[in-house]
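Everything below, folded, please.
(one chain, ligands or ions: 1)
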Amino acid sequence: MENQNKNKKRILSGVTPSGYLTIGHITGALANWVKLQDEFDSYFMVADLHAITVRQVPADLRQRTLDTLAFFLAAGIDPDKSTVFVQSQVPAHSELTWVLSTFTGMGECQRMTQFKDKSAKNMDNINVGLFSYPILMACDILLYQADCVPVGQDQKQHLELTRNIAQRFNHHYSDTFTSPEPFIPKIGGRIMSLQDPKQKMSKSDANENATIFLKDEDDVIKRKIKRAVTDSGTGIIYNENNPGIANLMELYSIATNTNYEQIESKFESAGYAEFKEACGNAVAEFVAPIREKFKDIRQNKSLLNEIIQHGKEKAGKTAFKTLRKVYKKVGFYQG
Ligand code: TRP
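Numbers count the residues shown, from 1 in each chain. Okay, here's the model as predicted:
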């Protein structure tokens, strides 16, 4: 495996274990990762260092770290092909963050849309970590010299910052970091909230009905879709001005592997209620095998621990190599 990967381009991506994973994580991330893992030397990470920018219950964070990893595997990530690891187990992430924070402008962090959104949502805890979160993310990527980073549209700005930091460092010293390209999926990257289809579906939404979690049982999924907020129109026609129906059509399209024209003709004479029922059934059928596989893997603690240990060693080796190079360039004494 190691040798085979030598000529492959490298990708890295991660999910923050700050809540239960949603169907959006499959459509926008994991399904793509699974497709990419043969072609690329792949690193997939549970980003627990990122999670604590918002207060977490320690026991929950530990559980969700394992949940997230188990969902990676349930979705089809193969730890024999890809390096799967937990971020906090590789100290180089925190260490590089300090160095690269001295290569990042205050203004650059201040401009990040996600920082503005998250500070508005967490007024009582606008901590420095929330502010410097994109530097940590840049380090996640740069430590592994990733060529490509599959992320959702909402992370594009962080990728641009990563490129700027990399280029600035390279320019100041000499070529050190690979400048990564974002890889943004065209469809499925932005599944919207079922209760407010103008907002992205989020694992941390206060309203449970807004989100389809991968752990949801069939009846829960069907009920949530039945109750999804839709506009006052009637026909099943894809139109961005009808974001509620457009979102359900996107879900249906992903769950059944059909396109919008096929859906429109299939439901030509159907009303919203009929379409919602069909959509609920299709989405439940799509999620069920992932959920069942998850349950199976999740209770196999020794398997998960083995994967985490192996990932720690493999990721740690790659990351440490980059960190050592950086320490040398900035002038830290290394004996
Ligand atoms: N910030 C990302 C998110 O909220 C998760 C993440 C952390 C990540 N580090 C990363 C994604 C590195 C890609 C690469 O979705």
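
State the distance from the closest residue to Thr178 other than its chain neighbours to the ligand.
Closest residue to Thr178 apart from its sequence neighbours, by CB to CB, 6 or more residues apart in numbering: Gln145 at 4.3 Å. For glycine as for every other residue, the C-beta is placed from the backbone atoms N, C-alpha and C. Counting by CB to the nearest ligand atom, to the nearest Å, the separation of Gln145 from the ligand is 13 Å.

Which helix or strand contains Gln145?
Gln145 is part of no helix or strand, with elements assigned from DSSP states H and E.

number of nearby residues for it?
Neighbour count for Gln145, taken as other CB atoms under 10 Å: 19.

Surely it is in contact with Arg10?
Yes - between Gln145 and Arg10 there is a contact at 6.4 Å, judged by CB atoms under 8 Å.

Could you tell me which residues touch both of these two?
Shared contacts of Gln145 and Arg10 (CB atoms under 8 Å, 6 or more residues apart in numbering): Thr178.

near the ligand at all, the lengthiest helix in the chain?
Longest helix in the chain by number of residues, with DSSP state H as the criterion: helix 301-330. No - using CB under 6 Å from any ligand atom, helix 301-330 never reaches the ligand; the gap is at least 12.4 Å.

which other helices and strands contact that helix?
Here helix 301-330 touches strand 41-46, helix 58-75, strand 83-86, helix 92-101, helix 128-143, helix 272-298, going by 3 or more CB pairs under 8 Å, 6 or more residues apart in numbering; DSSP states H and E.

These: which one's closest to the ligand?
Evaluated over the helices and strands packed on helix 301-330, closeness to the ligand peaks at helix 128-143, with 4.0 Å, by CB to the nearest ligand atom.

Excluding chain neighbours, what is closest to Asp218?
Closest to Asp218 by CB to CB, 6+ apart is Ala284, at 4.1 Å.

Give me the neighbour count for that neighbour.
Ala284 has 21 neighbours, counted by other CB under 10 Å.

next one: Thr230
By the criterion of other CB under 10 Å, Thr230 has 20 neighbours.

and the closest residue to it other than its chain neighbours, what does it touch?
Residue nearest to Thr230 in three dimensions, not counting chain neighbours: Gly244, with 3.7 Å by CB to CB, 6+ apart. Residues in contact with Gly244 (CB under 8 Å, 6+ apart) are Pro197, Ala228, Val229, Thr230, Asp231.

ok, now with 6 Å
Remark: with contacts taken as CB atoms under 6 Å, 6 or more residues apart in numbering, Gly244 is in contact with Pro197, Val229, Thr230, Asp231.

Could you tell me whether it really is in a strand?
No - under DSSP: H, G, I helix; E, B strand; the rest coil, Gly244 sits outside any strand and is assigned helix.

Next one: it from the ligand, what distance?
Gly244 sits at a distance of 24 Å from the ligand (criterion: CB to the nearest ligand atom).

what about Ser94, how many neighbours?
Neighbour number of Ser94 under other CB under 10 Å is 13.

got the residues of this protein near the ligand?
Counting by CB under 6 Å from any ligand atom, the chain comes close to the ligand at Leu12, Ser13, Gly14, Thr16, Ala47, His50, Met137, Asp140, Ile141, Val149, Val151, Gln155.

Go again with 5 Å.
The chain comes close to the ligand at residues Ser13, Gly14, Thr16, Ala47, His50, Met137, Asp140, Val151, as judged by CB under 5 Å from any ligand atom.

Tell me the predicted confidence for the residue nearest to Thr178.
pLDDT for Gln145: 98.

coming back round to it: select from the contacts of Gly244 the one having the most neighbours.
Using other CB under 10 Å as the neighbour test, these are led by Pro197, with 22 neighbours.

picking up where we left off before, can you put the helices and strands packed on helix 301-330 in CSV and add distance to Met249?
Shown next, in CSV, are these (distance: least, CB to CB, whole Å):
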stretch, distance to Met249
strand 41-46, 29
helix 58-75, 23
strand 83-86, 33
helix 92-101, 39
helix 128-143, 32
helix 272-298, 8
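
mind checking pLDDT for the closest residue to Phe85 other than its chain neighbours?
Closest residue to Phe85 apart from its sequence neighbours, by CB to CB, 6+ apart: Gly311 at 3.2 Å. pLDDT recorded at Gly311 is 98.

Quick check: Pro185 touching Asn32?
Yes - when contacts are counted by CB atoms under 6 Å, Pro185 is listed as touching Asn32 (5.4 Å).

ok, the two, which is more surrounded?
The neighbour comparison of Pro185 against Asn32 (other CB under 10 Å) goes to Asn32, with 20 against 17.
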